[in-house]
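> Sharing a model that was predicted from the sequence below.
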Protein chains: 2
Amino acid sequence: MNKALPLSKVYQLLEPGPVVLLTTAVKGRPNVMTLSWHMMVEFVPPLVACVVSNRDFSFAALKTTKECVIAVPSVGLARKVVKIGNCSGRDIEKFEKFKLTALPAERVRPPLVAECFANLECAVIDTQFVKKYNLFILEVLAAWVDPAQRNPRTIHHRGYGRFVVDGATIRLKSRMK
Amino acid sequence: MNKALPLSKVYQLLEPGPVVLLTTAVKGRPNVMTLSWHMMVEFVPPLVACVVSNRDFSFAALKTTKECVIAVPSVGLARKVVKIGNCSGRDIEKFEKFKLTALPAERVRPPLVAECFANLECAVIDTQFVKKYNLFILEVLAAWVDPAQRNPRTIHHRGYGRFVVDGATIRLKSRMK
């Protein structure tokens, strides 16, 4: 179902700033949170910085297991994505509650989310900024896209339940990657 | 012209992942670059992480002066924004060449960009990750918006000259800020 994406193209998924899901797994129990504080740090190997609050249940999982999957949902999942962000894995088995399909990843234990159009298997490679800023540095080890989801439109968080959906794509002469 | 924006609202500008301009100033000479590797790190005081490559002319300015302005352009400036990213302040007086209006900032020496709908005056507060990742931690000291630009649509970089423009805004029941 999923097709491998060259690691050199991973930045094209995250650089536009979509709301994403982040999965973790502790002792075989998967969890998922909603996240939009992330950015690219390096093209290849793709490094990603993200901020996961120490108030979030996923924080300890990320810090101790040093693994996660970043899954990119399209606008069709927006309602679910927001609900996932409104509750905690402390109380709820989110994969069950939200009828998400957990697929085994290849390089890490946290699952891929089948409903998302892209999934990035990540290892935490630097925790030096965790104490000060809750900032994790991740390396993307493997990337997958779902070819069945064509031209997915992502959502971007604007605060207090407002999200902007991808509109038109424009092309301009750029020398930048 | 510009109206002060409460610092608690700054994340609403950057969290959606827009392409931004970053201005610096060395010995009174302003420069500007295009940037989209940035993310929010804290709400209040607003902290922002950004990656500025050590190959960029702005890198040394940011590292030594420890000041910058993040200016958020709307889609009307897209062509100019890309051209700004295609050349270097080593060779060009970008404010002149691109007919940008430099406005004095209140708290820092780099200028605001009058044509942008939002401007964030920033101090570099942490350079610990600069050597390893070219990653700067900024604190936003003052924020300005141009009330004349209503519902500005931002652009998001997808790589190789492709940019997605903000489309519709949707509202969902969220407990998140």
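Perfect, thanks for sending it.
> if you skip the residues just before and after it, what's nearest to the residue nearest the centre of chain A?
Note on chain A: the residue nearest the mean C-alpha position is A:I70, at 2.4 Å, using CA atoms, centre = their mean. Distance criterion CB to CB, 6 or more residues apart in numbering or on different chains; nearest residue to A:I70, sequence neighbours excluded, is A:L120 at 4.3 Å. Yep, even glycine has a C-beta here, placed from its N, CA and C like the rest.
> quick one: contacts for A:N119?
By CB atoms under 8 Å, 6 or more residues apart in numbering or on different chains, the contact list for A:N119 reads A:N2, A:V69, A:I70, A:A71, A:V72, A:L103, A:A105, A:L112, A:V113, A:A143, A:W144, A:V145.
> tell me which element it falls in.
A:N119 is part of strand A:118-126 when elements are defined by DSSP states H and E.
> mind listing what that strand pairs with, with the direction of each?
Here strand A:118-126 has these sheet partners by DSSP bridges: strand A:67-72 (antiparallel), strand A:135-145 (antiparallel).
> And for the closest residue to chain B within chain A, the neighbour number?
Closest residue of chain A to chain B, CB to the nearest CB: A:G17 (1.2 Å). Counted with other CB atoms under 10 Å in any protein chain shown, residues neighbouring A:G17 total 28.
> pretty sure it contacts B:E15?
Yes: under the criterion of CB atoms under 8 Å, A:G17 makes contact with B:E15 at 7.3 Å.
> Can you work out which residues contact both of these two?
Common contact partners of A:G17 and B:E15 (CB under 8 Å, 6+ apart): A:S36, A:H156.
> hmm, back to that, confidence score at the residue nearest to A:I70?
Note for A:L120: predicted pLDDT of 98.
> For it, grab the count of nearby residues.
When neighbours are counted by other CB under 10 Å, A:L120 registers 30.
> Likewise for A:S58?
As a burial measure, A:S58 scores 22 neighbours (other CB under 10 Å).
> Now for it: which residues touch it?
Taking CB under 8 Å, 6+ apart, one finds A:L22, A:T24, A:N31, A:M33, A:V52, A:C68, A:G89 in contact with A:S58.
> picking up where we left off before, after the strand holding A:N119 comes which helix or strand?
That would be, after strand A:118-126 and using DSSP H and E, helix A:130-133.
> does that following helix come close to chain B?
Yes: counting by CB under 8 Å from any CB of the partner chain, chain B has neighbours in helix A:130-133: A:K132, A:Y133.
> List the buried residues of that helix.
Within helix A:130-133, the residues scored as buried using 16 or more other CB atoms under 10 Å in any protein chain shown are A:V130, A:Y133.
> next one: stretch A:105-118
By neighbour count with 16+ other CB under 10 Å, stretch A:105-118 contains the buried residues A:A105, A:V108, A:R109, A:P110, A:P111, A:L112, A:V113, A:E115, A:C116, A:F117, A:A118.
> re earlier: please identify, among the contacts of A:S58, the one with the most neighbours.
The residue in those with the most neighbours, by other CB under 10 Å, is A:C68 (32 neighbours).
> mind listing what's buried in stretch A:131-140?
For stretch A:131-140, burial by neighbour count (16+ other CB under 10 Å) applies to A:Y133, A:N134, A:L135, A:F136, A:I137, A:L138, A:E139, A:V140.
> pull the CA atoms of the strand holding A:N119 into CSV?
What follows is strand A:118-126, C-alpha atoms only, in CSV (Å, rounded to 0.1, in the frame of the first residue of the first chain):
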residue,chain,number,x,y,z
ALA,A,118,2.6,10.2,4.5
ASN,A,119,4.4,8.5,7.4
LEU,A,120,8.0,9.2,8.6
GLU,A,121,9.8,6.8,10.8
CYS,A,122,11.9,8.8,13.2
ALA,A,123,14.6,8.3,15.8
VAL,A,124,15.3,10.9,18.5
ILE,A,125,19.0,11.7,18.0
ASP,A,126,19.5,14.6,20.3
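> Now do the same for A:N2: its pLDDT.
We note a pLDDT of 88 for A:N2 in this prediction.
> thought it was touching A:W144?
Yes: when contacts are counted by CB under 8 Å, A:N2 is listed as touching A:W144 (3.9 Å).
> anything in contact with each of these two?
With CB under 8 Å, 6+ apart as the test, A:N2 and A:W144 both reach A:L112, A:N119.
> is it true that A:A60 lies in a helix?
Yes: judged by DSSP: H, G, I helix; E, B strand; the rest coil, A:A60 forms part of a helix.
> which ones are touching it?
A:V26.
> let's see 6 Å
Neighbouring residues of A:A60 by CB atoms under 6 Å, 6 or more residues apart in numbering or on different chains: there are none.
> try A:A102
Neighbouring residues of A:A102 by CB under 6 Å, 6+ apart: A:P30, A:F95, A:P111.
> Kindly report the residues of chain A close to chain B.
Contact residues (CB under 6 Å from any CB of the partner chain) of chain A with chain B: A:12, A:15-17, A:36-41, A:51, A:79, A:82, A:85-86, A:133, A:156-159, A:161-172, A:174-176.
> Using ChimeraX, define a selection of the buried residues within those residues.
In ChimeraX syntax, the buried subset of the residues of chain A next to chain B is picked out as below (16+ other CB under 10 Å):
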select /A:12,15,16,17,36,37,38,39,40,41,51,82,85,133,156,157,158,159,161,163,164,165,166,167,170,172,174
